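Visitor: below are the sequence and a predicted model; questions follow.
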Amino acid sequence: MPPSVEQHPHPHPHEPQPQQHTPNNDSKSSSEVRVSNSSNKDELTEQEVIYVNTFSEYCRAFYTASLQCRSSSSTASLSSSLCSSESDDDEEKGKNDGKRSSSQELTKEDGQVVLQAFDYASSCCSTTPPPPSQPSPSSLYQNHLSTLPSTQLHHLEKCGFATSSLPETLTNKPCLRECFTFKKNEERKRAHRISMFQRHSTLSNIVSLAESQQLSQSTPRAVPEREEEELPRFAKQEELTTLHSTITSFCSKYSAHIGTHSFLAGLLKLMETQIGQGLSDTNIVQWKFRQVVLSEAVIPGTKEDEYVKEAVELLLSFLVRIKDDDLEAPHLPTEEHLEESVPEDVGEKTTCWEIEPSISDHQLSKLMGLFPKELHARPTGTFEVVVLEEKEEGERRRRNVDGRFDEVGWGGGIFSSWCTMLSLHFSDRPLLSLLSLC
């Protein structure tokens, strides 16, 4: 790992110099950097430590603004908290306008100027001198500096980048270059992690809101207790028609985007696996997949959070979420506990779903026919068969698995279920496949 640098909040060249860092013993970690006033190439001077830490703040300003989650009302307070500086010495917080680092009011453009200068100087570095016909690294970098206005040069001065000898300095002192690179990479990773956490929070809030709205609209029972009582939700033709419309609309809008194919393939795999359980009303298939499948999807031409909202609408249209998954809305982290509040494994968090129990296998086979025939991705997630125990059956039991309550004609009931099973097992035989149309 590249050497780390001792932290100094709000470093500035004109502030008092930090105390010299003295190693405790000879077994000091190789990742630490000793501060020295000597010319040793493996040590940083106190001024160089200040430059590296200042450079880190410019990197944070740039990456935080560049990777900040698209603002929404559900994550506004979270965004404000996450994008603030972590320094314990902050007495005032600047206003977070989506482009600024609150501790020093550095803009995204300020950070971009500094990063471009470092990248340009690094590209000029070479251990072998250039041929006489080519300009020296110092000349190339000086030409770059000459194109910048004084306001931008001011930011470069704070990082020690406003001198034409920077390429030679980085070449002759690899330790310094490694420290700059390490800080750059660390701030980029931090910004990515925070941005991913913001999108995770947005997804959690969207699901929570959608579930609340669904619950307030209706709370149908999975099956009727007596024949004369109201039919379960998806035994009704009206509900099935609405569901068909939801699936068709989503597929026609997004199936052309290959980024959605693993999600759509997962839905198909879930239905196919559930039908494969036969007429068992206690074998429930659970589909678990990573939340980033939805939260990190980039669909060109869509509005803010549009795809996520419609994907959640599709899921809730005929699936039920297992409430003990990782999708529960996270607690808003405080500035002091930022690192512990934004977990390192935020990209690994999962969500778990199962099919709404009132849908018969026959109707599931019809739903599968609404999805695209060709998907260029494997199903995302894992599929596990859970056998319900008698004490936990409740409304999760698939009492309508054979279609006995479906509002259909002669094709319903047990006959249609056997047609469905035969059509899946003999899909390569056209005559038997026609049974799925029953």
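Guide: That came through, no problem. Just so it is clear, the model here is predicted, and its values are computed rather than measured. Residues are numbered from 1 along each chain as shown.

Visitor: C-alpha only now, for contacts and for neighbours.
Guide: Noted.

Visitor: check contacts around W353.
Guide: Listed by CA atoms under 8 Å, 6 or more residues apart in numbering, the contact partners of W353 are Q286, W287, K288, L319, V320, R321, I322.

Visitor: assumed it was part of a strand.
Guide: Yes - counting by DSSP: H, G, I helix; E, B strand; the rest coil, W353 falls inside a strand.

Visitor: switch the contacts of W353 over to CSV; also include distance to C124.
Guide: Converted to CSV, the contacts of W353 look like this (distance: CA to CA, whole Å):
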residue, distance to C124
Q286, 55
W287, 52
K288, 49
L319, 57
V320, 57
R321, 55
I322, 55
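
Visitor: any chance of a ChimeraX selection covering the buried ones in these?
Guide: Selection of buried members from those for ChimeraX, criterion 16 or more other CA atoms under 10 Å:
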select :286,287,288,319,320,321
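
Visitor: among the contacts of W353, name the ones in helices.
Guide: Among these, no residue falls in helices (DSSP state H).

Visitor: got a markdown table for the contacts of W353, with distance to S245 and pLDDT too?
Guide: Listed next are the contacts of W353 as a markdown table, based on distance: CA to CA, whole Å; pLDDT from 0 to 100:
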| residue | distance to S245 | pLDDT |
| --- | --- | --- |
| Q286 | 24 | 95 |
| W287 | 23 | 96 |
| K288 | 25 | 95 |
| L319 | 16 | 95 |
| V320 | 19 | 93 |
| R321 | 21 | 92 |
| I322 | 25 | 89 |
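
Visitor: just the ones of the contacts of W353 in strands?
Guide: Q286, W287, K288, L319, V320, R321 (DSSP state E).

Visitor: any idea which of the residues you listed is closest to L367?
Guide: L319 (12.5 Å; CA to CA).

Visitor: how many neighbouring residues does the residue nearest to the closest one when sequence neighbours are not counted have?
Guide: Nearest non-adjacent residue to L319, counting by CA to CA, 6 or more residues apart in numbering: I355, 4.4 Å away. As a burial measure, I355 scores 24 neighbours (other CA atoms under 10 Å).

Visitor: does I355 touch S317 like I think?
Guide: No - with contacts counted by CA atoms under 8 Å, I355 stays clear of S317, the gap being 9.8 Å.

Visitor: which strands and helices lie in contact with the lengthiest helix in the chain?
Guide: Longest helix in the chain by number of residues, with DSSP H as the criterion: helix 174-217. When contacts are defined as 3 or more CA pairs under 8 Å, 6 or more residues apart in numbering; DSSP states H and E, helix 174-217 packs onto helix 46-67, helix 76-82, helix 166-172, helix 292-295, helix 306-318.

Visitor: quick one, the next helix or strand after it and helix 306-318 angle?
Guide: Sequence order places helix 237-254 as the next helix or strand after helix 174-217, per DSSP states H and E. Going by axes from the mean of the first three to the mean of the last three CA atoms, to 10 degrees, helix 237-254 is angled at 160 degrees with respect to helix 306-318.

Visitor: in JSON lines: the ones in strands among the contacts of W353, plus distance to G259.
Guide: Compiled in JSON lines, the ones in strands among the contacts of W353 are given as follows (distance: CA to CA, whole Å):
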{"residue": "Q286", "distance to G259": "23"}
{"residue": "W287", "distance to G259": "19"}
{"residue": "K288", "distance to G259": "18"}
{"residue": "L319", "distance to G259": "21"}
{"residue": "V320", "distance to G259": "23"}
{"residue": "R321", "distance to G259": "23"}
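
Visitor: and these, which is closest to Y141?
Guide: Out of these, the member with the shortest distance to Y141 (by CA to CA) is K288, at 52.4 Å.

Visitor: how about the closest residue to the closest one other than its chain neighbours, what does it touch?
Guide: Using CA to CA, 6+ apart and skipping the chain neighbours, the partner closest in space to K288 is C352 (4.2 Å). Residues near C352 by CA under 8 Å, 6+ apart: Q286, W287, K288, F289, R321, I322, D325.

Visitor: ok, so of those residues, who is nearest K236?
Guide: R321 (21.8 Å).

Visitor: surely the closest one is in contact with E356?
Guide: No - assessed by CA under 8 Å, R321 is found out of contact with E356, at 9.3 Å.

Visitor: V401 versus the nearest residue in space to C159 that is not next to it in sequence, what's the distance?
Guide: Excluding its sequence neighbours, the residue lying closest to C159 (CA to CA, 6+ apart) is Y51, at 4.4 Å. The gap separating Y51 from V401 is 68 Å, by CA to CA, to the nearest Å.

Visitor: who has more neighbours, these two?
Guide: Neighbours were tallied for Y51 and for V401 using other CA under 10 Å; the higher tally belongs to V401 (28 against 22).

Visitor: please enumerate the helices of the stretch 251-400 of the chain.
Guide: 261-275, 292-295, 306-318, 338-341, 361-368 (DSSP state H, counting those that start in this stretch).

Visitor: now mean neighbour count too, for these, in a markdown table please.
Guide: Shown next, in a markdown table, are those (neighbours: other CA atoms under 10 Å):
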| stretch | mean neighbour count |
| --- | --- |
| helix 261-275 | 21 |
| helix 292-295 | 20 |
| helix 306-318 | 18 |
| helix 338-341 | 15 |
| helix 361-368 | 21 |
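
Visitor: same list, the helices and strands packed on helix 174-217, but as JSON lines with distance to S122 and mean pLDDT please.
Guide: Formatted as JSON lines, the helices and strands packed on helix 174-217 follow (distance: least, CA to CA, whole Å; pLDDT from 0 to 100):
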{"stretch": "helix 46-67", "distance to S122": "14", "mean pLDDT": "92"}
{"stretch": "helix 76-82", "distance to S122": "31", "mean pLDDT": "42"}
{"stretch": "helix 166-172", "distance to S122": "6", "mean pLDDT": "91"}
{"stretch": "helix 292-295", "distance to S122": "34", "mean pLDDT": "90"}
{"stretch": "helix 306-318", "distance to S122": "40", "mean pLDDT": "95"}
